[in-house]
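1. coords please:
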Amino acid sequence: MFKRKYLLFVLLCICMIFGVCENVCAASKVHPSIKGKHAIIMDADTGKIIYKKNAYSKCHNASTTKLMTAVVALEENKNLNKKIKISKYASSTIGVSINSRAGEKYYLKDMVNAMLIRSACDCAIAVAEGTCGNEKKFVKKMNKKCKEIGCKHTMFSTASGLRNGNAHYTTSYDLALITRYAYANKTIRKILSKKSYSFKSVSGRKCCVKNTNELLKSKKYKCVGKTGTGETAKYCFTGVYTYKKHTYVFNVLGSTNEEERWNDARKLIDACISYTDNLK
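-> Here you go, the predicted model:
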């Protein structure tokens with residue numbers, strides 16, 4: 001009789017312990033209501049996935065591609081004061097640009113700033129051509145680097161993120177890996193934190209670019225990141241947010257419009273805050 005009561009007591013204690021553990025685990029889970037098609041939150045230090053929505057499905061990602069463009073450019077060029085000549089192809093590209101002119105020369109550091117801050121496509125192409133001679137060779141290095149950092153479902157065909165008829169895609173998870181790797185680069189991290197940037201061509205033509213990241217204007221949601229907008233990619237954002245010394249990589253891809261993109265991004269940041277506050 002005593003043994004039976006003892007066993008029941010032990011079982012009751014075990015159930016209570018598991019119940020407490022389950023509640024603690026539940027408290028650490030986050031379930032933001034994201035309208036974008038793909039999203040993820042990753043712990044930047046450990047790589048742990050905290051939240052995901054269609055995170056492993058291939059999708060278009062527009063100008064968020066330029067993070068990998070910047071990575072390759074900075075790793076391949078040790079001299080940031082290298083002069084880059086604008087080709088006719090680069091100057092005539094569609095999309096966002098600094099209205100560069102064929103034959104103009106700019107310093108590499110200024111081109112990288114313009115393509116990350118303003119998302120200038122002409123600058124991305126010029127950087128690719130100035131680094132490898134042509135964009136195709138440069139893109140091969142981009143795809144090689146993607147594989148090196150663990151991206152298994154990413155294939156880029158342009159340095160700008162503009163589609164050219166060839167395969168150009170990633171996943172929310174792979175983009176988080178790219179963002180995490182890019183953020184580790186001190187130069188890229190510094191550039192992404194700028195609200196604006198002014199520079200001149202080698203001949204003295206003035207240019208000024210403003211950051212497309214709306215969250216830089218916010219006190220609560222301030223974070224660095226890169227936007228992307230395209231006909232099939234829709235509205236995208238990938239960023240890095242730090243709260244109470246915890247750093248998270250997050251992104252949302254395929255939001256319907258500008259407002260939805262930033263609403264989704266803020267929800268993901270709120271989830272980072274909630275997750276951190278419930279850590280034991």
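2. show me what the spatially most central residue of the chain is bridged to.
-> Nearest residue to the geometric centre of the chain (Cα atoms, centre = their mean): T238, 3.3 Å. Counting by DSSP bridges, T238 is bridged to K226, N251.
3. now do the one 4 residues further on
-> When bridges are assigned using DSSP bridges, the partners listed for T242 are T247.
4. just give me the neighbour total for it.
-> Using other Cβ atoms under 10 Å, T242 is surrounded by 14 other residues. The way it works is simple: take the backbone N, C-alpha and C, and place the C-beta from them, glycine included.
5. repeat that for Y173.
-> Y173: 23 neighbours (other Cβ under 10 Å).
6. what separates it from A70, distance-wise?
-> Remark: distance between Y173 and A70 (Cβ to Cβ, to the nearest Å) = 20 Å.
7. right, and the residue nearest to the centre of the chain touches L67 too?
-> Yes: here T238 reaches L67: they are 7.1 Å apart, a contact under Cβ atoms under 8 Å.
8. overlap in contacts of the two?
-> I178, T179, K226 (Cβ atoms under 8 Å, 6 or more residues apart in numbering).
9. weed out the non-buried ones from those residues.
-> Buried by 16 or more other Cβ atoms under 10 Å: I178, T179, K226, out of the shared contacts of T238 and L67.
10. quick one: which of the residues you listed is nearest L192?
-> L192 has its nearest neighbour among the buried ones among the shared contacts of T238 and L67 in K226, at 7.0 Å by Cβ to Cβ.
11. quick check: end-to-end length of stretch 68-86?
-> Using Cα to Cα, to the nearest Å, the end-to-end distance of stretch 68-86 comes to 20 Å.
12. give me the buried positions along it.
-> M68, T69, A70, V71, V72, A73, L74, N77, K82, I84, I86.
13. ok, now which ones touch N54?
-> Neighbouring residues of N54 by Cβ under 8 Å, 6+ apart: K37, H38, A39, S172.
14. try it again with 6 Å
-> Residues counted as contacts of N54 (Cβ atoms under 6 Å, 6 or more residues apart in numbering) are H38.
15. kindly report the same for A70.
-> For A70, the contacting residues are V112, L116, I188, by Cβ under 6 Å, 6+ apart.
16. what's the local residue count around the closest residue to K35 other than its chain neighbours?
-> Distance criterion Cβ to Cβ, 6 or more residues apart in numbering; nearest residue to K35, sequence neighbours excluded, is E260 at 5.3 Å. Using other Cβ under 10 Å, E260 has 17 other residues around it.
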